[in-house]
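Peer 1: The following comprises the amino acid sequence and a computationally predicted model.
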Amino acid sequence: MLCGQKLSPLSFLSLQQLQFASQEEKQEFSKFPTKTGRRSLSRSISQSSTDSYSSAASYTDSSDDETSPREKTQVNSKGSSDFCVKNVKQAEFGRREIEIAEQDMSALISLRKRAQGEKPLAGAKVVGCTHITAQTAVLIETLVALGAQCRWAACNIYSTQNEVAAALAETGVAVFAWKGESEDDFWWCIDRCVNTECWQANMILDDGGDLTHWVYKKYPSVFKKVRGIVEESVTGVHRLYQLSKAGKLCVPAMNVNDSVTKQKFDNLYCCRESILDGLKRTTDVMFGGKQVVVCGYGEVGKGCCTALKALGAIVCVTEIDPICALQACMDGFKVVKLNEVVRQVDMVITCTGNKNVVTREQLDRMKNGCIVCNMGHSNTEIDVASLRTPELTWERVRSQVDHVIWPDGKRVILLAEGRLLNLSCSTVPSFVLSITATTQALALIELYNAPDGRYRQDVYLLPKKMGNTERPALAKQTKRFIFYLLYISKRNT
Ligand SMILES: NC(=O)c1ccc[n+]([C@@H]2O[C@H](COP(=O)([O-])OP(=O)(O)OC[C@H]3O[C@@H](n4cnc5c(N)ncnc54)[C@H](O)[C@@H]3O)[C@@H](O)[C@H]2O)c1
């Protein structure tokens, strides 16, 4: 029997079995670039299920229980089985993880304390699809404290902290996620969040656009009740703008990715703190004296360069934007072309958001032992697909670490198969995520409470001032949030 209470007919179907209106629709759906669709599933699932320390430090992944959570019947202490996680008995351990995260998520906790009396999300039914980590759990529990009901799936098949998902399930959140989902599981989990009896979402919180896309394609009538979409990622926001341009966006959407509170904190500081962690955990590399090339000197590149330089690495930068190139020079980094340095460098790190920044030709020219990884956009920055050819041998040496071996014996060390290094192989700082999560929560509150006519069917940035909100405590809180950010910047100067 499958776990969970309310099973719709669709719950039993695989992606291949889903009924599409036409062959064309099916093809279009399959073409749609999803996070899961961009990497090789066949290689990775069993590896991630035995992974001991990758992805947000999930300590419970070494469980011998290989039974799919979909095949288990699990019930939380309140008697509910409206969830599907690896093992609900890990809840206590997950609770400790969430408590640790709370300690450094003061912006979100402050929002929770200030606004929970007023319950600005009372009546909100939020369906969410994000990484399920201790930090996201703090966000979900904040939304619940503010009055929302939540159903949640993971936006990435690797990043779920199983014990955290268990803790959420134990408190009554309908969470459908586990680490090492198959692609079929991934869509099944999203479907279980959306397609349920007696509950219809009226808000969407998405990271990557897969949930929005699923609702759009499979349950468009849900949009009749949805008051807005809050989207965090570059990819998801891009999809929303495409929908808006085509006149197909049915509801207002909030672009959290381009809010100053995400760009200037998450992209820069999160990457500055997590790049070294990801590299160390996977390779144990010594940074001092290593020659590193960082491709792209935007927010992410700046963070990576600063961290690497601080540990004594000799860092050079590639850039296509003259202003960013000049900034790199002013900050003391040599600006180069990748082709000029690719033979001598010890590490190549991509941070551009662009495609094919590192080509097969450049990979061919790298020296033995060169570490190649990506901090930018999904797995398209390094041409990993070009390495899957018969003359090259792939050797999995650790979780998320592959040696790609050329016929002459040269090895390139590829991390996380070219996906985001920090999200795949390290933890990310709770403090920074707290600022992004607070922005997401405020965006939900704003869209949910906005009077008719304030937002059209378009993509918006969170207003810097929300003083005209109908809810005085919220306005006060928003001001506090901005003051809080100011306080942080003052404290650091
Ligand atoms: N790893 C993470 O945790 C994390 C966090 C936030 C954002 N991101 C992702 O990182 C990417 C970059 O984000 P950002 O905020 O730094 O963007 P950004 O636009 O500030 O910077 C990207 C820089 O790369 C440069 N660039 C583009 N193509 C290039 C090429 N072929 N060679 C060299 N330089 C090139 C651009 O000129 C730009 O300066 C995005 O895809 C974003 O989604 C990752």
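Peer 2: Noted; the coordinates are in hand.

Peer 1: do stretch 229-246 and the ligand meet at all?
Peer 2: Yes: applying Cβ under 6 Å from any ligand atom, one finds stretch 229-246 touching the ligand at Val234. C-betas here are computed from N, CA, C, even on glycine.

Peer 1: how far is that stretch from where the chain is centred?
Peer 2: Here stretch 229-246 is found 15 Å from its chain centre; the criterion is Cα atoms, centre = their mean, to the nearest Å.

Peer 1: Equivalent analysis for stretch 83-100, please.
Peer 2: For stretch 83-100, the separation from the chain centroid amounts to 19 Å (computed by Cα atoms, centre = their mean).

Peer 1: buried set for it?
Peer 2: Buried residues in stretch 83-100, defined by neighbour count with 16 or more other Cβ atoms under 10 Å: 83-88, 90-91, 93-95, 97-98.

Peer 1: and if you look at stretch 447-459?
Peer 2: The neighbour-count check on stretch 447-459 (16+ other Cβ under 10 Å) flags 447-450, 455, 459 as buried.

Peer 1: And the helix or strand where Asp277 lies, what does it pack against?
Peer 2: Here Asp277, judged by DSSP states H and E, is contained in helix 271-283. Here helix 271-283 touches helix 299-310, strand 370-374, strand 411-415, helix 421-425, going by 3 or more Cβ pairs under 8 Å, 6 or more residues apart in numbering; DSSP states H and E.

Peer 1: for Arg151, phi and psi?
Peer 2: Dihedral pair for Arg151: phi -130, psi 130, per degrees, to the nearest 10.

Peer 1: same deal with Met254?
Peer 2: Residue torsions, per degrees, to the nearest 10, at Met254 are phi -110, psi 120.

Peer 1: Give me the spatial nearest neighbour of it, chain neighbours excluded.
Peer 2: Ala443 (4.0 Å; Cβ to Cβ, 6 or more residues apart in numbering).

Peer 1: among the helices and strands packed on helix 271-283, which is nearest Tyr216?
Peer 2: helix 421-425 (24.9 Å; Cβ to Cβ).

Peer 1: Mind checking which of the buried residues of stretch 447-459 are in helices?
Peer 2: If you go by DSSP state H, these have 447-449 in helices.

Peer 1: okay, those in CSV with distance to Pro322 and pLDDT next?
Peer 2: Formatted as CSV, these follow (distance: Cβ to Cβ, whole Å; pLDDT from 0 to 100):
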residue, distance to Pro322, pLDDT
Leu447, 38, 94
Tyr448, 43, 96
Asn449, 44, 93
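
Peer 1: Format those residues as a markdown table; extra columns: distance to Val336.
Peer 2: Output for these, formatted as a markdown table (distance: Cβ to Cβ, whole Å):
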| residue | distance to Val336 |
| --- | --- |
| Leu447 | 45 |
| Tyr448 | 49 |
| Asn449 | 50 |
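
Peer 1: Nearest to the ligand among the residues you listed?
Peer 2: Leu447 (22.4 Å; Cβ to the nearest ligand atom).

Peer 1: Relative to the ligand, which residue of this protein is the closest?
Peer 2: At 1.7 Å from the ligand, Gly298 is the closest residue in the chain, using Cβ to the nearest ligand atom.

Peer 1: where does this structure come near the ligand, residue by residue?
Peer 2: Contact residues, the chain versus the ligand (Cβ under 6 Å from any ligand atom): 234, 266-267, 270-271, 295-301, 318-321, 324, 351-354, 357, 375-377, 420, 422-423.

Peer 1: Only the buried subset of these, as a PyMOL command please.
Peer 2: Only the buried entries of the residues of the chain next to the ligand go into this PyMOL selection, using 16+ other Cβ under 10 Å:
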select buried, resi 234+266+267+270+271+295+296+297+298+299+300+301+318+319+324+351+352+353+357+375+376+377+420+422+423
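
Peer 1: any weak-confidence spans in the stretch 51-200 of the chain?
Peer 2: For the stretch 51-200 of the chain, the stretches with pLDDT under 70 are 51-64.

Peer 1: For it, which segments count as helices?
Peer 2: Along the stretch 51-200 of the chain, the segments classed as helices by DSSP state H, counting those that start in this stretch run 54-57, 91-103, 106-115, 134-145, 162-171, 183-194.

Peer 1: Need those helices in CSV (columns: distance to Val260).
Peer 2: Formatted as CSV, those follow (distance: least, Cβ to Cβ, whole Å):
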stretch, distance to Val260
helix 54-57, 26
helix 91-103, 23
helix 106-115, 14
helix 134-145, 19
helix 162-171, 29
helix 183-194, 30
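
Peer 1: Can you say which of those helices is packed in most?
Peer 2: helix 162-171 (a mean of 27; mean count of other Cβ atoms under 10 Å).

Peer 1: how far does it sit from the chain's center?
Peer 2: Counting by Cα atoms, centre = their mean, helix 162-171 is centred 18 Å from the centre of its parent chain.

Peer 1: burial measure for Lys78, as a count.
Peer 2: Using other Cβ atoms under 10 Å, Lys78 is surrounded by 8 other residues.

Peer 1: Angles on the backbone of it, please.
Peer 2: phi -90, psi 0.

Peer 1: would JSON lines of the helices and strands packed on helix 271-283 with mean pLDDT and distance to Leu121 be doable?
Peer 2: Below are these laid out as JSON lines (pLDDT from 0 to 100; distance: least, Cβ to Cβ, whole Å):
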{"stretch": "helix 299-310", "mean pLDDT": "97", "distance to Leu121": "30"}
{"stretch": "strand 370-374", "mean pLDDT": "98", "distance to Leu121": "36"}
{"stretch": "strand 411-415", "mean pLDDT": "98", "distance to Leu121": "39"}
{"stretch": "helix 421-425", "mean pLDDT": "88", "distance to Leu121": "27"}
